[in-house]
Structures are given as structure tokens and as C-alpha cells.
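Undergrad: I need the structure of the sequence given here:
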Amino acid sequence: SYQRFASCYRRFYRAQPEVTRSIYDQFVSQLQAAVREEIQEVKKEGNLEELFNSLDKIVEEAQGQEEPAWRPSGIPEDDIRSAVLPYLQKHRAYLQRALREREEENRKVAESVLAGREQIAKLQQLIEARRQAWQ
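TA: The predicted structure follows:
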């Protein structure tokens, strides 16, 4: 703004306010022209019109997709979480399924071990009974 410009050159502004305003106007017009020129150069060098057309094409193709597009929020933790969460949930379901299968296998093995112990106990009783009977 002109007030900021004048405050930077306070002594000159106090001495010649009209000239300061003229310098400010020239500075602003030259700066605007330079910015416009720079934008035109960037557009030419970067082939921006073609890139913008390509971007429009991508947007049109994306409109038919059912899944929402990934858009960064500016918070990396949230962005990663939203991108990785579906994978982690699938992996968690897989691990829970594998855990249930292992627990079932362990239960069956434990039952088998208990049945074996009972069989051994019965055999020991039978052996002891026959030994007693033999003696």
C-alpha cells in the first residue's frame, strides 16, 4: 500500500509527498508489468495451456470413479493414515482370522493331549491292577 511505501521513505515523503506518490505509482505500474511479463514467460516455457488441458482431461476421467480421490490435508499424519488405513484394516482382519485358526488348532491339540493323558492314566491303572493281581 502507499502508506507502507511512504512509511519506508518517511523523510522523503515529508519533504516531497507529491513526488513520493509519483514514484510509488511508477513503481507499482512497473511491478505489475514485470509480473504480467513473467507470467507470460512461465506460460510459454512451461507449456501451461497444454498442461491445463491435460489436467481438465484427468478431472473428467476421475468423475466416473467410485472411489474418492486422495487429497492431502496438509497434515502428513492424517494423509498417511487415510491412505494406509484400508490396507491395515485388511491385514488386521487377516491376522485375526489366522489367530482364530491357530487357537482352534491349539484347542484340538490340547483336547488330544488331555485324551492321551487320560488314556495313559487308564493304562497305568490297568497295569497297576494286573500287577496287584499277579502278585
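Undergrad: isn't Glu49 right next to Leu55, touching?
TA: No - assessed by CB atoms under 8 Å, Glu49 is found out of contact with Leu55, at 10.6 Å. Glycine gets a C-beta too; all of them are placed from N, C-alpha and C.
Undergrad: what about Phe52, how many neighbours?
TA: If you count neighbours by other CB atoms under 10 Å, Phe52 ends up with 11.
Undergrad: same thing with Tyr13?
TA: 19.
Undergrad: just the one 5 residues further on next, same as before
TA: Summarising burial for Glu18: neighbours were counted as other CB under 10 Å, giving 7.
Undergrad: Could you do the one 4 residues further on as well?
TA: Using other CB under 10 Å, the number of residues around Ser22 comes to 11.
Undergrad: Mind telling me what element it is part of?
TA: Using DSSP states H and E, Ser22 sits in helix 17-46.
Undergrad: repeat for Glu104
TA: Following DSSP H and E, one finds Glu104 within helix 76-134.
Undergrad: what's that helix packed up against?
TA: Applying 3 or more CB pairs under 8 Å, 6 or more residues apart in numbering; DSSP states H and E, we find helix 76-134 packed against no helix or strand.
Undergrad: quick check: mean pLDDT across that helix?
TA: Helix 76-134 carries an average pLDDT of 92.
Undergrad: One more: stretch 7-19?
TA: 82.
Undergrad: So which bits of it are buried?
TA: Tyr13 (16 or more other CB atoms under 10 Å).
Undergrad: how far away is Glu66 from Leu55?
TA: From Glu66 over to Leu55 the distance is 21 Å, taken as CB to CB, to the nearest Å.
Undergrad: and if you look at Ala121?
TA: 79 Å.
Undergrad: that older thread, and the helix holding Ser22, what's buried?
TA: Thr20, Tyr24.
Undergrad: any idea how far it is from the chain center?
TA: 41 Å (CA atoms, centre = their mean, to the nearest Å).
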